[in-house]
Each structure stands twice: as structure tokens, then as C-alpha cells.
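Peer 1: sequence plus predicted model, see below.
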Amino acid sequence: MVPRIDTHTHLGRLRRDDPGLTPEGLLSRLDRLGVRRAVVLAVESPEELDYYVPTTQVMDWCARHPGRLIPFCACDPRHRYPGRFDPYPVLAEYAAAGCRGFGENLCGLPIDDPMQRRVYEACARLRLPVVLHIDRWINRDAPGLPGLERIVKDYPEVTFIGHAQCFWREISAEVDPEGLYPTGPVVPGGRVEELLSRYPNLMADLSAHSGYNALARDPEHAAAFLERQRHKLLFGTDLLAADQRIDIAAFLDGLPLSAATREAVYFRNAARLLGLPDDARALGG
């Protein structure tokens, strides 16, 4: 099995009706999926789930398994009064302590809001990639993702990683602005592929039902898309519960992909992004 780096996981209690995953519980699930290293994302905005899992807790958990778990940091740009919060010192402290990226950005502001831009400016200075959850409220954007394109152009030093429903529905050139999990064949010419092709600092996270749905709705398109964009795509699960289904792994395994594409999506792109050895043997594969 080609080893995998999972670029999108969570730890701790995030939902009222679920205890969440311990580090050991997460690693048990990842072992069954062939995942050798995993990014753990902090949750410090109130929009998405019931509870917070702050960066300091993520760092503590990852420190128990430094060869397997990689912490990302987060901070909500709405701290303090508008315009008075400087995220740079906070994020610099986290980066110095070992965080290798910013995420998950779950802020209920427009994606290019001035308060969000202060975070992107800090991440540009620190060379931290940013995981962007994009839906109808979180990091909200207009159809066609014009706000995403603005920030990708304005902050070329930042690698932005697109994720979630309102990002992945744009894999098709025909988009229902009210739909979140579209079905049916993908119409070529979608904005996701256009933006991935145009901007070197944009990547895409295949995790969660949104990533899976974007591919599984049209397997023939998915295989060709993965081959064309193999250097811009990241394997991920969005694991946060012990009984969670992970459809993306089996789906990718079943596609007729070249060895080069499978390795790029499963681990080489993430290794490059995270500064890890770009070698299957070094990952335990």
C-alpha cells in the first residue's frame, strides 16, 4: 500500500453528542487507512461546531506522538475590537513551538474581510499554509470564488488549501448557488480547476464528504482531474469521530490512477508542503 499523509484530522470533543477522538483513537483509525503522518487542526471559531479545541491543546496532544502527529495553529481574527488584534505575535509563538500551518480557518466572515487579511499577512511572514473551510457562512464567498482568487493573488507567499462544500461544488462549470453536495456529471471548466491551474499557491484538500462528493459524482472526470492536478491535491479524511465513515480512501484506491498520481496525492504533495522527507520509506511505507 502506498503510504499516506492525512492533511486534515481533528482531536478532542467538538460535538455535544460525541466524545471525539483521543490521540490514540485517531492513530488506531489512521493505521487501518495506511496513514503514517497526520495534521491535527485546531478549532478556535464558534461557527462550525459545539466546542473549541485550542491550539495549545493540539500541540500538547501532538507532542505525545511527534513522529506521527503534526500540529496546525489557529486564532480567530475577531479577537479584541475590530482592527486592534495583531495575530502575528500569537502565530509566531505557535510556529516557533512547532506548528507547521494555520487551520482550520472556520471564521464566519467573508473570505477576504480585512480582519481575515491580517491573519493572511501574518501567515505570509511566517510561511504558514492556510486551510480554508468555505461554505455558505464560513469564509463565505460569491459563486465563482472571486474572494478566494483575490486573496490567492494578494498573498503569493501563502499556500492556501481549499476545502468544504462551497469550494468543491465549483469543480463543475455549472453550479447551483443553493446546493452544497451536487450530483450528476461534472461540466468541464469549473473554477476549482481553473484556479488550481492558474495559481501556484493554491492547493485543494480532498477530505470530508465535500471532497469525496466532488469526485464520486463523476468517477470518469475524477480520474482525469486527479491526473491533471496531481501536484495540487492533498489526501485528507477530516476524521473527528470514532465511528466516522471515510469514503474518500476506498474511492481513490478504486480509481485507475498512475503510480505517480497516487504517490503525489497520497504523500508527496503533503511532504513538500510540510517539510517532510519525500520518501515512502521515511514515512514507514
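Peer 2: All right, it came through fine. Numbers count the residues shown, from 1 in each chain.

Peer 1: contacts for the helix ranked longest in the chain?
Peer 2: Using DSSP state H, we find that the single longest helix of the chain is helix 114-126. For helix 114-126, the external contacting residues (Cβ atoms under 8 Å, 6 or more residues apart in numbering) are 75, 77-78, 82-83, 85-88, 91-92, 95, 102, 105, 107, 109-110, 128-130, 139, 151, 154-155, 157-158. The way it works is simple: take the backbone N, C-alpha and C, and place the C-beta from them, glycine included.

Peer 1: ok, stretch 223-232 next?
Peer 2: 171, 186, 193, 196-197, 202-204, 215, 233, 252, 255-258, 260-261, 264-265, 269.

Peer 1: and these, which of them are buried?
Peer 2: Neighbour-count burial (16 or more other Cβ atoms under 10 Å) applied to the contacts of stretch 223-232 gives 171, 186, 193, 196, 202-204, 215, 233, 252, 255, 257, 261, 264-265, 269.

Peer 1: identify the farthest-apart pair in the residues you listed.
Peer 2: Leu202 and Leu255 (22.6 Å; Cβ to Cβ).

Peer 1: only the buried subset of the contacts of helix 114-126, as a PyMOL command please.
Peer 2: To isolate the buried members of the contacts of helix 114-126 in PyMOL, using 16+ other Cβ under 10 Å:
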select buried, resi 75+77+78+85+87+88+91+95+102+105+107+109+128+129+130+139+151+155+158
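
Peer 1: break down this structure into its helices, ranges please.
Peer 2: Secondary structure of the chain by DSSP H: the helices cover 23-33, 55-63, 87-96, 114-126, 146-154, 165-168, 191-198, 208-216, 219-228, 247-254, 259-263, 269-274.

Peer 1: make a markdown table from those and add mean pLDDT and distance to Glu178 to it.
Peer 2: As requested, the helices of the chain are exported to a markdown table (pLDDT from 0 to 100; distance: least, Cβ to Cβ, whole Å):
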| stretch | mean pLDDT | distance to Glu178 |
| --- | --- | --- |
| helix 23-33 | 97 | 33 |
| helix 55-63 | 98 | 34 |
| helix 87-96 | 98 | 33 |
| helix 114-126 | 97 | 24 |
| helix 146-154 | 98 | 18 |
| helix 165-168 | 98 | 11 |
| helix 191-198 | 98 | 17 |
| helix 208-216 | 98 | 15 |
| helix 219-228 | 98 | 22 |
| helix 247-254 | 96 | 24 |
| helix 259-263 | 97 | 33 |
| helix 269-274 | 98 | 32 |
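
Peer 1: ranking the ones you listed by burial, who's on top?
Peer 2: Among these, helix 165-168 has the highest mean neighbour count (mean count of other Cβ atoms under 10 Å), at a mean of 26.

Peer 1: identify the residues contacting that one?
Peer 2: By Cβ under 8 Å, 6+ apart, the surrounding residues in contact with helix 165-168 are 132, 134-136, 140-141, 145, 148, 162, 180-181, 192, 204, 210-211, 213-214.

Peer 1: repeat that with 10 Å
Peer 2: Contacts with helix 165-168, where a contact means Cβ atoms under 10 Å, 6 or more residues apart in numbering, come from 111, 132-143, 145, 148, 161-162, 175, 177, 179-182, 190-192, 195, 204-206, 208-215, 217.

Peer 1: what separates the longest helix of the chain from the chain centre, distance-wise?
Peer 2: 17 Å (Cα atoms, centre = their mean, to the nearest Å).

Peer 1: distance of the residue nearest to Ala271 when sequence neighbours are not counted from Gly103?
Peer 2: Of all residues not flanking Ala271 in the chain, Asp278 sits nearest, at 4.6 Å (Cβ to Cβ, 6 or more residues apart in numbering). As defined by Cβ to Cβ, to the nearest Å, Asp278 lies at a distance of 22 Å from Gly103.

Peer 1: the more surrounded of those two?
Peer 2: Set side by side, Asp278 and Gly103 show more neighbours around Gly103, with 26 against 14, by other Cβ atoms under 10 Å.
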